[in-house]
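Asker: Give the three-dimensional model of this entry:
(one chain, ligands or ions: 2)
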Amino acid sequence: MAKSKTLYQCQQCGGHSSKWQGQCPHCFEWNCLEEQAVQTSTSRFKSLNKKSNLININEVEINEIFRHPTNNSELDRVLGGGLVPGGVTLIGGDPGIGKSTLLIQALSSLTKNPNQEITAIYITGEESIEQVAMRARRLDLEVSDLLVLSEINLGNIITVIEKEKPSVVVIDSIQTLFSEELNSAPGSVSQVRECAAQLTRVAKANDVSMIFVGHVTKEGSIAGPRVLEHIVDTVLYFEGESNSSYRLVRSIKNRYGAVNELGIYSMTEKGLKEILNPSAIFLSETSFDQAGSVVTVMQEGTRPILIELQALVDESKQSSPKRLSVGLENNRISMILAVLNKHLGLSCHSHDVFLNAVGGVKISEPGVDLAVLIAIASSLQEKQVHSKTLIFGEVGLGGEVRPVVRGQERIQEAIKLGFKRIILPRKNLPKKTIDDVELIPVDNIKNALNAAIK
Ligand code: TYD
Ligand code: MG
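Answerer: Ligands and ions are numbered 1, 2, ... in the order given. Below is the predicted model:
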């Protein structure tokens with residue numbers, strides 16, 4: 001028999017508390033506990049694996065992961081090659097960034113492949129089926145094998161999936177669904193978690209590749225955040241500035257592939273276009289010959305991408321100067337400013353510092369430190385960096401330049417795009433010289449700055 005009791009659940013982190021409190025005891029957010037009627041019925045939790053036999057780990061049979069390539073090369077890159085049957089992917093991002101567009105395009109290219117017998121269902125809770133069809137038509141997509149369903153009731157959705165047994169299901173979005181077993185409103189943490197957990201069970205049991213669209217909260221995390229990330233196999237995240245047409249899809253978690261892999265698109269009137277050579281695109285809008293502008297190479301996932309960093313260091317009128325950055329972490333910038341001051345005597349104490357990674361990319365790796373440092377120094381001293389020079393390396397607190405991962409790939413990418421001078425950590429210097437390319441190894445930031453600035 002099902003028992004009913006009352007619990008309070010945090011709408012931010014999903015944690016429980018047996019009594020109401022002003023502050024969540026788990027994530028310490030305020031005013032986020034809501035009453036929840038919980039049914040502790042055992043029948044809802046069906047086992048995935050029929051037998052619960054113990055087995056020696058060496059005897060476990062491992063089959064190679066089978067994938068359905070979506071034939072959208074950038075999406076396949078972040079997925080690790082394609083959608084995995086039984087795999088559940090969460091794709092998050094700001095409203096209007098292009099989630100629905102990407103998925104309808106991916107479903108079109110997935111189902112129109114004559115070599116694959118694939119059935120797909122697009123379940124929309126947000127838009128009407130007319131709106132979905134209109135978008136597909138406006139984009140001239142071939143979608144003759146794609147089924148659409150407008151539904152937000154979890155039970156009905158599961159019935160359809162179990163009956164049709166499609167290869168791929170898209171749920172747009174997970175926040176619109178509701179389960180009749182819970183009293184809370186659609187979009188609340190308990191609903192989102194319940195719906196995601198039930199659908200994941202259905203996906204695994206029926207070998208369906210499932211994709212959830214998830215909205216982000218104003219803090220930028222996927223609503224019902226932590227809870228969903230644990231449940232699904234893959235988490236993809238859409239990035240991009242509203243004033244730029246570039247859209248980046250990053251894998252944050254992937255049980256079937258590499259993390260931090262980037263898929264790069266540009267939003268056009270004909271939907272999202274894959275950008276196969278992002279370095280060329282990110283550099284095409286640049287003005288290198290200005291003080292404060294430095295080209296570097298970042299390594300996100302398995303792909304090196306060239307990118308321009310711009311620094312503007314200006315005398316501050318305020319007692320506490322501004323530090324603002326787009327695409328770079330503020331903590332790292334504070335560290336680099338401290339290193340500049342301590343080891344080179346270049347102080348920005350009375351200056352505002354603005355930094356921008358051109359193109360709306362978020363950089364999360366330390367291999368661009370040296371370029372950030374040189375960009376700041378270049379703007380502060382109003383001296384340009386030598387033309388056709390690329391800089392990469394990590395900066396240590398002692399002012400030393402440390403090696404970075406995948407140095408060879410970064411050098412190759414720089415050369416491919418026509419850079420003739422590369423300032424790099426000494427430990428990343430290749431053994432062989434490269435024709436027509438000047439490789440300048442450096443051990444510390446002083447040497448780097450001397451080599452970089454005119
Ligand atoms: P959409 O995929 O609906 O975003 P999401 O599902 O993430 O909320 O994308 C909507 C935005 O994309 C909208 O502002 C218009 C723009 N867009 C284009 O610029 N070109 C297109 O071909 C399409 C379909 C959308
Ligand atoms: Mg949408």
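Asker: Every contact and neighbour count from this point should use C-alpha atoms.
Answerer: OK.
Asker: surely residue 259 meets residue 301?
Answerer: Yes. Residue 259 is within contact range of residue 301, at 6.2 Å (criterion: Cα atoms under 8 Å).
Asker: Name the residue in those two with the higher neighbour count.
Answerer: Neighbours per residue (other Cα atoms under 10 Å) separate residue 259 from residue 301, with residue 259 holding more: 21 against 16.
Asker: mind checking how far that one is from residue 322?
Answerer: Distance of residue 259 to residue 322, given as Cα to Cα, to the nearest Å: 33 Å.
Asker: So, low pLDDT: which residues of this structure?
Answerer: For the chain, the stretches flagged by pLDDT under 70 are 1-5, 37-51, 217-226, 284-288.
Asker: can you map out the helices along it?
Answerer: 73-79, 99-111, 129-138, 154-164, 189-206, 225-231, 278-283, 330-344, 369-381, 407-416, 445-452 (DSSP state H).
Asker: Select, out of those helices, the one closest to residue 351.
Answerer: Nearest to residue 351 among the helices of the chain is helix 369-381; the distance by Cα to Cα comes to 8.7 Å.
Asker: since we're on residue 130, how many residues are nearby?
Answerer: Neighbour number of residue 130 under other Cα under 10 Å is 11.
Asker: typed the wrong thing, it's residue 195
Answerer: 23.
Asker: Residue 277 now?
Answerer: Count around residue 277 with other Cα under 10 Å applied: 11.
Asker: Please apply the same query to residue 139.
Answerer: 16.
Asker: Excluding sequence neighbours, find me the nearest residue to it.
Answerer: residue 270 (5.3 Å; Cα to Cα, 6 or more residues apart in numbering).
Asker: how much space is there between that neighbour and residue 313?
Answerer: Distance from residue 270 to residue 313, by Cα to Cα: 39 Å.
Asker: Neighbour count for the two, which is higher?
Answerer: It is residue 313, of residue 270 and residue 313, that has more neighbours when counted by other Cα under 10 Å, with 25 against 12.
Asker: List the contacts of the closest residue to the more buried one other than its chain neighbours.
Answerer: In space, and not counting its chain neighbours, residue 313 is closest to residue 353: 4.7 Å by Cα to Cα, 6+ apart. Each residue near residue 353 by Cα atoms under 8 Å, 6 or more residues apart in numbering is listed here: 311-314, 321-324, 376.
Asker: just the strands in the stretch 201-350 of the chain please.
Answerer: 209-215, 234-239, 246-254, 262-268, 271-274, 293-300, 303-315, 323-326 (DSSP state E, counting those that start in this stretch).
Asker: For ligand 1, find the nearest of those strands.
Answerer: strand 271-274 (3.3 Å; Cα to the nearest ligand atom).
Asker: List, one by one, the residues from the stretch 251-400 of the chain near ligand 1.
Answerer: 267-271 (Cα under 6 Å from any ligand atom).
Asker: and with 5 Å instead?
Answerer: 268-271 (Cα under 5 Å from any ligand atom).
Asker: can you put these in JSON lines and add distance to residue 391?
Answerer: Shown next, in JSON lines, are those (distance: Cα to Cα, whole Å):
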{"residue": "268", "distance to residue 391": "32"}
{"residue": "269", "distance to residue 391": "36"}
{"residue": "270", "distance to residue 391": "36"}
{"residue": "271", "distance to residue 391": "34"}
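Asker: Of these, select the buried ones using a PyMOL command.
Answerer: Selecting only the buried entries of those in PyMOL, with 16 or more other Cα atoms under 10 Å as the criterion:
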select buried, resi 271
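Asker: for the residues of the stretch 251-400 of the chain next to ligand 1, which one is nearest residue 280?
Answerer: The nearest member of those to residue 280, counting by Cα to Cα, is residue 268 at 17.9 Å.
Asker: check contacts around the closest residue to that closest one other than its chain neighbours.
Answerer: Nearest residue to residue 268 in three dimensions, chain neighbours excluded: residue 245, at 7.5 Å (Cα to Cα, 6+ apart). Each residue near residue 245 by Cα under 8 Å, 6+ apart is listed here: 266-268.
Asker: same check, this time on residue 384
Answerer: 289-293, 378, 453-454.
Asker: My read is that residue 360 contacts residue 238, right?
Answerer: No. Assessed by Cα under 8 Å, residue 360 is found out of contact with residue 238, at 11.4 Å.
Asker: Surely residue 292 and residue 314 touch.
Answerer: No. Using Cα under 8 Å, residue 292 makes no contact with residue 314, being 11.1 Å away.
Asker: higher neighbour count, those two?
Answerer: Between residue 292 and residue 314, counting by other Cα under 10 Å, residue 292 is the more crowded of the two (27 against 16).
Asker: how about stretch 114-123, does it reach ligand 1?
Answerer: No. Between stretch 114-123 and ligand 1, judged by Cα under 5 Å from any ligand atom, nothing touches; the nearest distance is 12.8 Å.
Asker: Can you say which of the helices of the chain is packed in most?
Answerer: For those, the stretch with the most neighbours on average is helix 369-381, a mean of 26; neighbours defined as mean count of other Cα atoms under 10 Å.
Asker: For that helix, list the C-alpha coordinates in PDB.
Answerer: What follows is helix 369-381, C-alpha atoms only, in PDB (Å, rounded to 0.1, in the frame of the first residue of the first chain):
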ATOM      1  CA  ASP A 369      47.000  32.600 -19.400                       C
ATOM      2  CA  LEU A 370      50.200  33.900 -21.100                       C
ATOM      3  CA  ALA A 371      48.200  35.500 -23.900                       C
ATOM      4  CA  VAL A 372      45.900  37.200 -21.300                       C
ATOM      5  CA  LEU A 373      48.900  38.500 -19.500                       C
ATOM      6  CA  ILE A 374      50.500  39.900 -22.600                       C
ATOM      7  CA  ALA A 375      47.300  41.400 -23.800                       C
ATOM      8  CA  ILE A 376      47.000  43.300 -20.500                       C
ATOM      9  CA  ALA A 377      50.600  44.400 -20.600                       C
ATOM     10  CA  SER A 378      50.300  45.500 -24.200                       C
ATOM     11  CA  SER A 379      47.300  47.700 -23.500                       C
ATOM     12  CA  LEU A 380      48.800  49.100 -20.300                       C
ATOM     13  CA  GLN A 381      51.900  50.100 -22.100                       C
END
